[in-house]
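*Asks:* next come a sequence and a model predicted from it.
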Amino acid sequence: MPIYEFYCQECNTIFNFFSRSVNTEKIPVCPKCLDVELSRRMSLFSVSGKAKEEGDMDDLPFDESKMEKAMGYLACEADSINEDDPRQAADLMRKLTGMTGLKLGDGMEEALSRMEKGDDPDEIEAQMGDLLENEDPFKMSGKKQDSAGRRRLPPNYDETLYDL
């Protein structure tokens with residue numbers, strides 16, 4: 001049962017929709033604006049070379065094939081790490097960014113550096129949780145601009161799961 005992401009340009013928000021079956025055709029209207037048709041988005045970690053839809057992925061900040069290879073490698077590596085060692089988790093994240101070319105946001109970079117030193121991830125989250133929640137974990141190259149040429153803020157995320 002898939003969950004699809006859709007974006008509303010009007011309110012600059014990403015919404016999640018649950019479908020009881022694979023449904024690549026249905027496009028809902030914005031639950032907030034109520035009359036604006038949404039555009040389908042690809043989740044950052046659900047991208048595959050076969051999932052590319054026309055026009056949807058031209059502006060992603062990473063190479064799809066690199067991401068697919070990195071995710072396959074990390075899936076194998078994740079099985080062998082010690083979950084109680086924050087250094088190993090940080091090393092895995094460094095490998096992901098190195099393999100894909102993604103750049104970490106400032107808060108995520110600080111949190112990862114602290115994990116590399118052996119700091120407790122729960123303590124890091126307690127101290128930095130608000131900062132990490134309010135920033136994108138990755139720096140995106142090629143910032144979006146609106147029709148007037150102004151930089152567009154990163155989209156908001158509606159945490160409600162809507163029915164498709």
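*Replies:* That came through fine.

*Asks:* in what helix or strand does the closest residue to P86 other than its chain neighbours lie?
*Replies:* Distances taken as C-beta to C-beta, 6 or more residues apart in numbering place M115 nearest to P86, at 4.1 Å, with adjacent residues excluded. The C-beta positions use only the backbone N, C-alpha and C, and glycine is treated the same way. Using DSSP states H and E, M115 falls within helix 106-116.

*Asks:* now swap in Y4 and tell me
*Replies:* Counting by DSSP H and E, Y4 is part of strand 3-8.

*Asks:* that strand pairs with which strands?
*Replies:* strand 13-18 (antiparallel), strand 39-41 (antiparallel) (DSSP bridges).

*Asks:* hang on, the earlier thing: what does the next helix or strand after the helix holding M115 contact?
*Replies:* Under the assignment DSSP H and E, the closest C-terminal helix or strand after helix 106-116 is helix 121-133. For helix 121-133, contacts defined as C-beta atoms under 8 Å, 6 or more residues apart in numbering pick out P86, A89, G107, M108, E110, A111, R114, M115.

*Asks:* would you write a PyMOL line that selects the buried entries of those?
*Replies:* A single PyMOL command selects the buried members of those (16 or more other C-beta atoms under 10 Å):
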select buried, resi 86+89+107+108+111+114+115
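
*Asks:* can you lay out the contacts of helix 121-133 as TSV showing distance to E5 and pLDDT?
*Replies:* Shown next, in TSV, are the contacts of helix 121-133 (distance: C-beta to C-beta, whole Å; pLDDT from 0 to 100):
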residue	distance to E5	pLDDT
P86	29	87
A89	26	83
G107	22	86
M108	20	85
E110	27	90
A111	24	88
R114	30	92
M115	28	91
